[in-house]
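*Asks:* sequence first, then the predicted structure, then my questions.
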2 protein chains.
Amino acid sequence: MKLQQLRCVLEIYRHGNHITSAAEALHTSQPGVSKHIHQLEVELGFPIFIRKRNHVIGLTEPGKEVLEIARRMMADTENLKHIREEFLSRDMGTLTIATTHTHARYILPNIIERFATEHPNVQLALHQGNPTQICELVEADEADIAVGTESPKSFPNLVKLPCFLLSRSIVVRVGHPLLRLKKLTLQDLANYPIITHDPASSGRWKVMTAFEKAGIKPNVISSAVDADICKTYVERGLGIAIVATITFDPTHDIKLRAIDAGHLFEQSTSFVTLRRNSYPRTYMLNFIHCLSERLTPNVVRPALAGRSLPADLVSKLQMLA
Amino acid sequence: MKLQQLRCVLEIYRHGNHITSAAEALHTSQPGVSKHIHQLEVELGFPIFIRKRNHVIGLTEPGKEVLEIARRMMADTENLKHIREEFLSRDMGTLTIATTHTHARYILPNIIERFATEHPNVQLALHQGNPTQICELVEADEADIAVGTESPKSFPNLVKLPCFLLSRSIVVRVGHPLLRLKKLTLQDLANYPIITHDPASSGRWKVMTAFEKAGIKPNVISSAVDADICKTYVERGLGIAIVATITFDPTHDIKLRAIDAGHLFEQSTSFVTLRRNSYPRTYMLNFIHCLSERLTPNVVRPALAGRSLPADLVSKLQMLA
DNA sequence: CGTGATTACGTTTATCGTAATTATA
DNA sequence: TATAATTACGATAAACGTAATCACG
């Protein structure tokens, strides 16, 4: 059995069972890839791919097992290559963080400031996107870690670790009638035009669910991509905004007021996301520790190991730590 | 990077940093192994082994990391080979159990009876030894699983899963004075000659600790290898025995009586032990499930995955399930 | 000098890419 | 007929084993 054979299996799967494009991705010839698969199938004693005449259709059942093991072995070859960098310079390298606007603007600055002081030789790079996009960046190895709220899409090859909770507030203009109410209800909010995040964010989804459950149709007039834009619209008197509490800055947002909405909307959980079966650099583990006291290297490392199925168990393990 | 290179690293380490014997074990030439290591070291960019002139002394720090990853990758190559058997016959094959006398004689019969009924085509083999020996059998791949009490030796490449607790009883002849006492004390026991397990068993160790803590020197007259021999000596009037409660069979041991000693000695935990990073056959997972309701395949599989360090976390995870 | 690792070199094997072939849609 | 996988085959490169070399006790 050769590592190159396993690499072929992965690439064919990645390219939608297309040997030709897999060969291109591997910078080699199509017949070579085809041969490798055949040799592996002969050695293992069963077909990995389902073929229909001269087309590869999909994976066989045992082929799925092969894929899973092959994935882990290729991850381990990467891990071997990274040992050198790790030992040469524990505190030098690049940390690429994929994150959402809210995190990048309101949560990470403090954390990054602290991290940068402790790791002056680590180059930081930020990539921005919605919760699904940032996970895709990590999966494609274009970012080391993702920090954001939950993505509706599931990523079996990524490990999600909860770091903290985000509560929501209503942001209104100074002197707004809602400020005079003692306890806000969803019905109160529905009396005003509402500005909230774009549909791709999980925050937006939680807000809409709360209204739906209460049987109230809110008047959502605008879906802005980020909290800053929401606040700008509120300042212009276009409505009220439902955003993460942390995005309200009393010293800067002088024309606005925030009303806690913790009793109206479920809190969102922020996750840090990494590739399964990777051995992150020490400084990456330190960065995650900056995000949450609970997420020590000794918690994160074992959580990254293992097969993709125990989603429930891994989350239980996280709760403990 | 080639799998054969990693195989060389493992074999050299296994053979006490001796390239010549590693080469023999790999059925190849010494220069070949030497070359493979050099190539790998060049590719990774750091030395794996510490050399003193023309001798290999040990592993470098990054070399230890390489060893760990190499171990997992070789385990995965084995796992790939086993996929075929698993899919060809989910319920056919061999299950080799390494276990202690107490487990083999008093605990496993019921479990094996049930398992054998459900898996008529699985060939069972039992190997007997003390807790350390049975772990060594699993480590050397001579047994699939070990069932026994804790070994004093630690095995970083094995995963230990607790299945159940063993309480202890005092076994005496009918009419023995101890039977007339309401609540037994350690001091009461010390009045009589004591027969217990041999020093290699963890049971023996727990018993001696209890006496030591109480500052009592028991009169241990004999250390027998197993509970049956202990009981035979008691029958002959040579003393009293401290053995696992389960080894007393009232319908068979008609000349003996058992007195519960749960308040005097700490209970022992029975563990099932498997190789780390192995993908056990389905019927092996079923057997483990027979040992303990808690140990479902969905609990065992993730516990086997991962690095060797998270002993505390793995045990926490087990508690949950 | 014996043991043990490294270097040198020739043989064998396997890997790779081009080209030809086959089989669909 | 265009697309996609398989088969055939020659060139290249890597792996292997033998033999020679070096280094130390």
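*Replies:* Everything's here; your move. On a predicted model such as this, the values are computed, not experimentally measured, just so you know.

*Asks:* for A:Cys163, which three-state class applies?
*Replies:* In terms of secondary structure, A:Cys163 is strand; the call rests on DSSP: H, G, I helix; E, B strand; the rest coil.

*Asks:* spit out the contact partners of it.
*Replies:* A:Cys163 sits next to A:Val147, A:Thr269, A:Ser270, A:Phe271, A:Val272, A:Ile288, A:Leu291, A:Ser292, A:Arg294, A:Leu295 when contact means CB atoms under 8 Å, 6 or more residues apart in numbering or on different chains. For the C-beta atoms, the positions are set from N, CA and C on the backbone; glycine is no exception.

*Asks:* want to try a markdown table for those, with pLDDT and neighbour count as columns?
*Replies:* Converted to a markdown table, the contacts of A:Cys163 look like this (pLDDT from 0 to 100; neighbours: other CB atoms under 10 Å in any protein chain shown):
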| residue | pLDDT | neighbour count |
| --- | --- | --- |
| A:Val147 | 96 | 25 |
| A:Thr269 | 90 | 14 |
| A:Ser270 | 93 | 25 |
| A:Phe271 | 94 | 24 |
| A:Val272 | 95 | 24 |
| A:Ile288 | 96 | 24 |
| A:Leu291 | 94 | 21 |
| A:Ser292 | 93 | 18 |
| A:Arg294 | 91 | 17 |
| A:Leu295 | 93 | 21 |
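
*Asks:* quick check: A:Asp91 is in a strand.
*Replies:* No: counting by three-state DSSP, A:Asp91 is not part of a strand but coil.

*Asks:* let me know whether it touches A:Arg281 as I believe.
*Replies:* No: when contacts are counted by CB atoms under 8 Å, A:Asp91 is not listed as touching A:Arg281 (9.1 Å).

*Asks:* between those two, which is the more surrounded one?
*Replies:* In this comparison of A:Asp91 against A:Arg281, neighbours counted by other CB atoms under 10 Å in any protein chain shown, the higher total goes to A:Arg281 at 21 against 13.

*Asks:* tell me the spacing between that one and chain B.
*Replies:* Here the criterion is CB to the nearest CB, to the nearest Å. By it, A:Arg281 lies 12 Å from chain B.

*Asks:* again with A:Ala70
*Replies:* Here the criterion is CB to the nearest CB. By it, A:Ala70 lies 8 Å from chain B.

*Asks:* next up, the contacts around that residue.
*Replies:* A:Ala70 sits next to A:Leu6, A:Arg7, A:Val9, A:Leu10, B:Leu80 when contact means CB under 8 Å, 6+ apart.

*Asks:* A:Ala244 - nearest residue in space that isn't next to it in sequence?
*Replies:* In space, A:Ala244 comes closest to A:Leu166 once its chain neighbours are excluded; the distance is 4.7 Å by CB to CB, 6 or more residues apart in numbering or on different chains.

*Asks:* let me fix that: A:Arg105
*Replies:* A:Asp228 (6.9 Å).

*Asks:* who are the packing partners of the strand or helix carrying the one you found?
*Replies:* Taking DSSP states H and E as the definition, A:Asp228 sits inside helix A:227-235. Other helices and strands packing on helix A:227-235, by 3 or more CB pairs under 8 Å, 6 or more residues apart in numbering or on different chains; DSSP states H and E, are helix A:101-102, strand A:168-173, strand A:194-197, strand A:220-224, strand A:240-244, strand A:256-260.

*Asks:* and the fifth one, average pLDDT?
*Replies:* Mean pLDDT, taken over the full extent of strand A:240-244, equals 91.

*Asks:* what sits up against the helix or strand containing A:Met284?
*Replies:* According to DSSP H and E, A:Met284 maps onto helix A:282-291. Counting by CB under 8 Å, 6+ apart, the neighbours of helix A:282-291 from elsewhere in the structure are A:86, A:90-91, A:93, A:95, A:97, A:111, A:114-115, A:118-119, A:122, A:144-145, A:147, A:161, A:163-164, A:272, A:274, A:280, A:295-297, A:300-301.

*Asks:* could you chop chain A up by domain?
*Replies:* Per automatic domain parsing, the structural domains of chain A span A:3-85, A:92-165+A:268-318, A:168-260.

*Asks:* now these as CSV including distance to B:Leu44?
*Replies:* What follows is the domains of chain A, written out as CSV (distance: least, CB to CB, whole Å):
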stretch, distance to B:Leu44
domain A:3-85, 6
domain A:92-165+A:268-318, 14
domain A:168-260, 41
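
*Asks:* so which of the ones you listed is nearest B:Asp76?
*Replies:* Evaluated with CB to CB, the domains of chain A place domain A:3-85 nearest to B:Asp76, the distance being 5.0 Å.

*Asks:* stretch A:46-60 and DNA strand D, are they touching?
*Replies:* Yes: Stretch A:46-60 lies in contact with DNA strand D when judged by CB under 7 Å from any atom of the strand; the contacting residues are A:Arg51, A:Asn54, A:His55, A:Val56.

*Asks:* now, which of the residues you listed lie within helices?
*Replies:* With DSSP state H as the criterion, helices contain none of the residues of stretch A:46-60 next to DNA strand D.

*Asks:* widest-spaced pair of those residues?
*Replies:* Pairwise across these, and taking CB to CB, the largest span is found between A:Asn54 and A:Val56, at 8.9 Å.

*Asks:* neighbour-wise, which of the two wins?
*Replies:* Here A:Asn54 and A:Val56 are set side by side on neighbour count (other CB under 10 Å), and the busier one is A:Val56, at 20 against 6.

*Asks:* in this structure that one contacts A:Thr20, no?
*Replies:* No: under the criterion of CB under 8 Å, A:Val56 makes no contact with A:Thr20, lying 10.2 Å away.

*Asks:* any chance of the helices and strands packed on helix A:227-235 in TSV, with mean neighbour count too?
*Replies:* TSV is the format used below for the helices and strands packed on helix A:227-235 (neighbours: other CB atoms under 10 Å in any protein chain shown):
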stretch	mean neighbour count
helix A:101-102	22
strand A:168-173	22
strand A:194-197	24
strand A:220-224	16
strand A:240-244	26
strand A:256-260	18
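
*Asks:* relative to B:Gly45, which of the ones you listed is closest?
*Replies:* Between B:Gly45 and the helices and strands packed on helix A:227-235, the tightest spacing by CB to CB is seen for helix A:101-102, at 38.9 Å.

*Asks:* next SSE after that closest one?
*Replies:* Following the chain from helix A:101-102 toward its C-terminal end, the next helix or strand by DSSP H and E is helix A:108-118.

*Asks:* contact partners of that next one?
*Replies:* Contact partners of helix A:108-118, identified using CB under 8 Å, 6+ apart, comprise A:Ile97, A:Thr99, A:Val122, A:Leu124, A:Leu126, A:Val147, A:Asn286, A:Phe287, A:Cys290, A:Leu291.

*Asks:* give me the buried positions along the next helix or strand along the chain from it.
*Replies:* Stepping forward along the backbone from helix A:108-118, the first helix or strand reached (DSSP H and E) is strand A:122-128. For strand A:122-128, burial by neighbour count (16 or more other CB atoms under 10 Å in any protein chain shown) applies to A:Val122, A:His127, A:Gln128.

*Asks:* and strand A:122-128, how far out from the chain's middle?
*Replies:* 15 Å (CA atoms, centre = their mean, to the nearest Å).

*Asks:* list the buried ones in whatever helix or strand comes next after it?
*Replies:* The C-terminal neighbour of strand A:122-128 among helices and strands, as given by DSSP H and E, is helix A:131-139. For helix A:131-139, the buried set under the neighbour-count rule, 16+ other CB under 10 Å, comprises A:Pro131, A:Thr132, A:Gln133, A:Ile134, A:Cys135, A:Glu136, A:Leu137, A:Val138, A:Glu139.

*Asks:* how about the residues of the stretch 151-300 of chain A near chain B?
*Replies:* Taking CB under 8 Å from any CB of the partner chain, the part of the stretch 151-300 of chain A that reaches chain B is made up of A:Tyr279, A:Asn298, A:Val299.

*Asks:* just the CA coordinates of whatever helix or strand the second one lives in, formatted as PDB?
*Replies:* Looking back up the chat, that one is A:Asn298. Of the helices and strands defined by DSSP H and E, A:Asn298 is found in helix A:297-304. In PDB, the C-alpha atoms belonging to helix A:297-304 read as follows (Å, rounded to 0.1, in the frame of the first residue of the first chain):
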ATOM      1  CA  PRO A 297      -4.200  22.700  24.900                       C
ATOM      2  CA  ASN A 298      -5.000  19.600  26.900                       C
ATOM      3  CA  VAL A 299      -8.600  19.900  26.100                       C
ATOM      4  CA  VAL A 300      -8.300  20.900  22.500                       C
ATOM      5  CA  ARG A 301      -5.700  18.300  21.400                       C
ATOM      6  CA  PRO A 302      -7.700  15.200  22.300                       C
ATOM      7  CA  ALA A 303     -10.900  16.800  20.900                       C
ATOM      8  CA  LEU A 304      -9.200  17.000  17.500                       C
END
